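> coords please:
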Amino acid sequence: MPSYKHLAALLLLGSALAASSGIRAETIESVEYRYYQISPQSPWAIKPELMRNSPIRDRRGSFNGHTDWYIDWYFQPVAGPAGCHLADIKVNVRVVHTLPALSEYVTDKQTIDVFNRFSEALAKHEKNHGNNGLEAAREIDKAFRELPPQRDCRYLTRMAEEAGKAIVQKYIQKDGEYDYMTRNGETEGAVIY
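Down below sits the predicted model:
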């Protein structure tokens, strides 16, 4: 079965930073790679090794690769003469890719070549999922910076939270559509038989 399943998005409600009168915006991006090892002795042993060693499991079975992205944001609503605006905007996104890697003890050239072709396609597929998380964070940052001042800071806070959550949901849906269109990476070569 192709690799990627389920995307998790962690939403942490916006919380206040130290009060500041200036508007600052910042998106902090981090991308991690986690690998699990397989040791197939032939090209035909790659798939069983993936199924046996993959830490990516749910009720449907095991999967070859996976990407999670987590977004949280912080801002300070500040009341001023022109109304309440957001200051000290900070959006964090953490992308975590989990992918297979060949053990250093695998020496069969054909096995290495088959795995490398598959692995390259799988990594590219998972990177595209990670890009959705990065884009979501950038869009949230932009949306927060473009919110017009409001008379009520609680209303502005609610507007910002709703905008952030809606953007996260939009990109979760994009991930699902991407998997549907590519059959979880199969049409991109992220499949092993």
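> in the chain, which spans are helices?
For the chain, applying DSSP state H gives helices covering 46-53, 109-146, 153-182.
> which one is the residue most central in space within the chain nearest to, not counting chain neighbours?
Nearest to the centroid of the C-alpha atoms of the chain, with distances taken as C-alpha atoms, centre = their mean, sits W69, at 2.6 Å. Of all residues not flanking W69 in the chain, G133 sits nearest, at 2.6 Å (C-beta to C-beta, 6 or more residues apart in numbering). All C-beta atoms are positioned from the backbone trio N, CA, C, and that covers glycine.
> ok, now which ones touch that neighbour?
Contacts were defined as C-beta atoms under 8 Å, 6 or more residues apart in numbering; by that measure G133 touches A9, T67, W69, Y70, I71, V93, V95, Y171.
> other residues contacting stretch 41-54?
With C-beta under 8 Å, 6+ apart as the criterion, stretch 41-54 contacts 36-40, 61-64, 100, 106, 108, 110-111, 114-115, 118, 192-193.
> so which of those are in strands?
Counting by DSSP state E, the members of those that fall within strands are Y36, Q37, I38, G61, S62, P100.
> show me which of the residues you listed are buried.
I38, S62, P100 (16 or more other C-beta atoms under 10 Å).
> mind checking how far the first one is from Y105?
Read it as I38. Plainly put, I38 is 11 Å away from Y105 if you go by C-beta to C-beta, to the nearest Å.
> picking that back up, let me know which of the helices of the chain is the nearest to A79.
For these, the distance to A79 is smallest for helix 153-182, at 5.7 Å, taking C-beta to C-beta.
> quick one: mean pLDDT over that closest one.
Confidence for helix 153-182, expressed as mean pLDDT, is 98.
> tell me the buried residues in that helix?
Judged by neighbour count using 16+ other C-beta under 10 Å, the buried positions of helix 153-182 are 153, 156-157, 159-160, 163-164, 167-168, 171-172, 174-175, 178-179, 182.
> and of these, the nearest to F75?
Of all the buried residues of helix 153-182, the one sitting nearest F75 is A160; the distance, using C-beta to C-beta, is 6.3 Å.
> need the contact list for the closest one.
By C-beta under 8 Å, 6+ apart, the residues touching A160 are G14, F75, L86, A143, F144, L147.
> ok, 10 Å please
If you count contacts by C-beta atoms under 10 Å, 6 or more residues apart in numbering, A160 has them with G14, W73, F75, P77, L86, I89, I140, A143, F144, L147, Q150.
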